[in-house]
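K.L.:
Give me a 3D structure for the following:
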Amino acid sequence: MKKDPSCTMNFVPTSNTMIPRPPKSPSSTKLVITTKQQQQQDAPPKASVISPVSTVQFGKDDVHLEEMKIALEEAEVLQTFMYKALNPPFDPQIILNQNQNQSKISHCRRSTNALPPRVPDQDQNIARPDLISRCQSDPSALPSTSRDAAEKPMISLADDCVRNGDIATGIALYQCVLKEQEKQNRTDPKIATTLHKLGEAHFATGKLELAAGFFQEAVTIRATAHGSLNQSVADSLVHYGASKLGLKQLHEAHDAYRRALRIHQKLHGVNHSNVGHIHTQLGCIHYEMGEFLAANAAFEDALDVYQDLARKTPSDQKLWMGAAADALCSIGSIKLNQKKYDRAICCFKDALSIQRQIYGPYHVSVIASLDNIAYGQSKSKRYSVASQTFEEMLHTQLTYHKFYNLACYETLKKLTFLYEKTDNIQCAYDVTIEAHNIQKRTLSHADPVYLKTKRLLQNLQQKIAQR
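P.N.:
Have a look, this model is predicted:
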């Protein structure tokens with residue numbers, strides 16, 4: 001089958017991000033990060049919420065020594081901040097018990113939900129106690145509002161690290177937050193959010209097995225907390241499907257995308273943008289599995305969604321028309337594989353018309369569609385028409401790339417092949433000599449493209465001499 005450069009057969013998540021191939025796991029080294037022990041006499045004891053020692057994984061090949069020192073300092077500051085946030089200073093409030101003229105004094109922790117301390121009557125003569133003991137704070141008794149306030153800055157910092165490319169530090173921060181969240185309630189939806197973020201971070205590094213595990217756990221927790229018909233469940237399912245698709249586990253990916261599709265259709269209707277993206281992914285899965293009829297149906301469903309969105313949202317019309325052109329190219333590639341060349345040419349021509357309208361006459365998408373059209377025409381044995389299309393494609397390539405590169409040479413080789421098919425060696429020679437003259441002005445004589453064109457020209461000269 002002719003590979004279609006313009007086809008959307010690259011498997012992407014709904015965010016349009018490429019699915020990376022999982023690299024080999026780099027060897028890693030452990031760095032131990034410890035917090036400074038407080039030296040003040042009245043400092044509160046260490047709370048059990050934050051472990052004084054945490055282990056962070058850094059790849060030897062990914063983090064230089066200076067970056068590790070910076071990460072070490074940042075983690076130390078964050079743990080100190082978390083400790084202070086989870087252990088607020090105590091405000092000594094005296095609770096008096098007047099049984100048998102004995103005062104039992106306890107130190108109460110300030111809480112936003114606690115009642116104000118009782119004010120004793122003015123006529124009671126209450127002596128100030130000689131000693132007020134500071135008691136150990138109980139992490140489980142910490143109000144949820146205080147825990148949330150402590151977690152949000154760390155999650156925000158982790159998000160910033162991931163966005164800025166410091167994914168290793170972001171993962172370490174997410175794991176720290178997750179460890180504290182799991183101590184409270186393992187079925188809390190916030191845990192699912194952290195798991196989902198961890199999955200996205202590992203997905204970005206190409207660790208698709210780890211990412212799939214985090215996404216799957218997030219799906220389970222979110223479905224338990226919110227029910228199966230929930231937007232957050234669909235989001236995690238889509239990412240889980242993308243991870244499985246990158247691992248070439250097509251059946252698991254198909255099941256995940258189908259579940260997400262049903263949720264989106266029930267929540268948003270059949271013409272929502274996410275519905276179109278999932279149809280595209282399902283079409284790619286069916287194509288990889290060799291199920292061309294199912295793939296064609298999925299891409300046609302996606303095309304209907306994108307065309308409807310282009311009509312209803314004029315502000316984003318170019319975006320959705322571009323997506324519609326990609327769907328048409330995918331359908332055309334399926335038709336080429338089925339050897340239905342006339343139908344394939346129609347699909348690529350429709351896509352070409354949209355691409356020229358959106359991107360202009362000189363764009364990589366336009367070049368790819370011209371290549372597919374010429375291929376379909378040549379397979380239909382319409383060599384003269386195909387040669388004209390290749391000439392147009394070569395002109396577009398030269399204008400777009402600004403120089404004669406390897407892609408231009410490949411087009412030139414296809415063009416000369418078609419001329420030879422029609423027994424028009426002179427036209428093949430004329431096109432090749434013109435390309436060779438351009439290369440003389442723009443390329444080094446040691447350039448591989450220049451040398452290949454020179455050999456092609458010599459072969460054509462020999463064929464002309466033999467006639």
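K.L.:
Please work out how many residues are found near Gln355.
P.N.:
Gln355 has 27 neighbours, counted by other C-beta atoms under 10 Å. For glycine as for every other residue, the C-beta is placed from the backbone atoms N, C-alpha and C.
K.L.:
swap that for Leu293, sorry
P.N.:
Leu293 sits with 10 neighbouring residues when counted by other C-beta under 10 Å.
K.L.:
Doesn't it belong to a helix?
P.N.:
Yes - looking at Leu293 with DSSP: H, G, I helix; E, B strand; the rest coil, it is inside a helix.
K.L.:
Let me know the distance separating it from His254.
P.N.:
Distance, Leu293 to His254, using C-beta to C-beta, to the nearest Å: 15 Å.
K.L.:
what do you get for Gln397?
P.N.:
Distance from Gln397 to His254, counting by C-beta to C-beta: 37 Å.
K.L.:
Comparing those two, which residue is more hemmed in?
P.N.:
Regarding Gln397 and His254, a neighbour count based on other C-beta under 10 Å identifies Gln397 as having more, with 24 against 21.
K.L.:
residues contacting the more buried one?
P.N.:
Residues near Gln397 by C-beta atoms under 8 Å, 6 or more residues apart in numbering: 367, 405, 407-408, 411.
K.L.:
hey, which helix or strand in the protein has the poorest pLDDT?
P.N.:
Using mean pLDDT, DSSP states H and E, the weakest-scoring helix or strand in the chain turns out to be strand 28-34, at a mean of 36.
K.L.:
Please produce JSON lines containing the contacts of Gln397, extended by secondary structure.
P.N.:
Below are these laid out as JSON lines (three-state DSSP):
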{"residue": "Ile367", "secondary structure": "helix"}
{"residue": "Asn405", "secondary structure": "coil"}
{"residue": "Ala407", "secondary structure": "helix"}
{"residue": "Cys408", "secondary structure": "helix"}
{"residue": "Thr411", "secondary structure": "helix"}
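K.L.:
among the residues you listed, which ones are buried?
P.N.:
Buried by 16 or more other C-beta atoms under 10 Å: 367, 407-408, 411, out of these.
K.L.:
need these in a markdown table with distance to Gln355 and pLDDT, can you?
P.N.:
Listed next are the buried ones among the contacts of Gln397 as a markdown table, based on distance: C-beta to C-beta, whole Å; pLDDT from 0 to 100:
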| residue | distance to Gln355 | pLDDT |
| --- | --- | --- |
| Ile367 | 10 | 96 |
| Ala407 | 17 | 89 |
| Cys408 | 20 | 88 |
| Thr411 | 18 | 91 |
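K.L.:
For the residues you listed, work out which two are farthest apart.
P.N.:
By the measure C-beta to C-beta, Ile367 and Cys408 form the most distant pair in those, at 10.1 Å.
K.L.:
Packing partners of the one helix or strand Ala324 maps to?
P.N.:
Using DSSP states H and E, Ala324 maps to helix 317-337. Using 3 or more C-beta pairs under 8 Å, 6 or more residues apart in numbering; DSSP states H and E, the elements in contact with helix 317-337 are helix 273-288, helix 292-312, helix 341-359, helix 364-379.
K.L.:
Just the angle for it relative to helix 273-288, thanks.
P.N.:
Angle between the axes of helix 317-337 and helix 273-288 is 20 degrees (criterion: axes from the mean of the first three to the mean of the last three C-alpha atoms, to 10 degrees).
K.L.:
tell me the angle helix 317-337 makes with helix 364-379.
P.N.:
Put simply, helix 317-337 runs at 20 degrees to helix 364-379, going by the same axes, to 10 degrees.
K.L.:
Show me which positions of helix 317-337 end up buried.
P.N.:
Buried residues in helix 317-337, defined by neighbour count with 16+ other C-beta under 10 Å: 320-337.
K.L.:
In terms of helices and strands, where is Arg222?
P.N.:
Here Arg222, judged by DSSP H and E, is contained in helix 208-226.
K.L.:
Helix 208-226 and the next helix or strand after that helix, what's the angle between them?
P.N.:
Downstream of helix 208-226, the next assigned helix or strand under DSSP H and E is helix 231-246. Counting by the same axes, to 10 degrees, helix 231-246 points 160 degrees away from the direction of helix 208-226.
K.L.:
The nearest residue to Gln317 once chain neighbours are set aside and Leu328, how far apart?
P.N.:
Spatial nearest neighbour of Gln317, excluding adjacent residues (C-beta to C-beta, 6 or more residues apart in numbering): Ala310 at 5.0 Å. The gap separating Ala310 from Leu328 is 13 Å, by C-beta to C-beta.
K.L.:
Please tell me how far the nearest residue to Leu328 once chain neighbours are set aside sits from Leu237.
P.N.:
Spatial nearest neighbour of Leu328, excluding adjacent residues (C-beta to C-beta, 6+ apart): Ala351 at 4.0 Å. Distance, Ala351 to Leu237, using C-beta to C-beta: 30 Å.
K.L.:
Any buried residues in stretch 188-205, and which?
P.N.:
By 16+ other C-beta under 10 Å, the buried positions in stretch 188-205 come out as 190-205.
K.L.:
same check, this time on stretch 224-235
P.N.:
Within stretch 224-235, the residues scored as buried using 16+ other C-beta under 10 Å are 225, 230, 232-235.
K.L.:
Endpoint to endpoint, it covers what distance?
P.N.:
This stretch, stretch 224-235, spans 15 Å end to end (C-alpha to C-alpha, to the nearest Å).
K.L.:
neighbouring contacts of it?
P.N.:
187-189, 192-193, 196, 219, 222-223, 259-260, 263-264, 266-267, 274.
K.L.:
tell me, how many neighbours does the residue nearest to Leu457 when sequence neighbours are not counted end up with?
P.N.:
Leaving aside its chain neighbours, Leu457 sits nearest to Thr432 (5.0 Å; criterion: C-beta to C-beta, 6+ apart). When counting by other C-beta under 10 Å, one arrives at 23 neighbours for Thr432.
K.L.:
which regions of the stretch 251-400 of the chain lie under the pLDDT threshold?
P.N.:
In the prediction, the stretch 251-400 of the chain carries no residues with pLDDT under 70.
K.L.:
just the stretch 1-150 of the chain next, same as before
P.N.:
Residue ranges of the stretch 1-150 of the chain with pLDDT under 70: 1-72, 74-150.
K.L.:
Does His445 belong to a helix, a strand or coil?
P.N.:
Applying three-state DSSP to His445 yields a three-state assignment of coil.
K.L.:
Could you report the distance from it to Thr416?
P.N.:
Applying C-beta to C-beta, the value for His445 to Thr416 is 21 Å.
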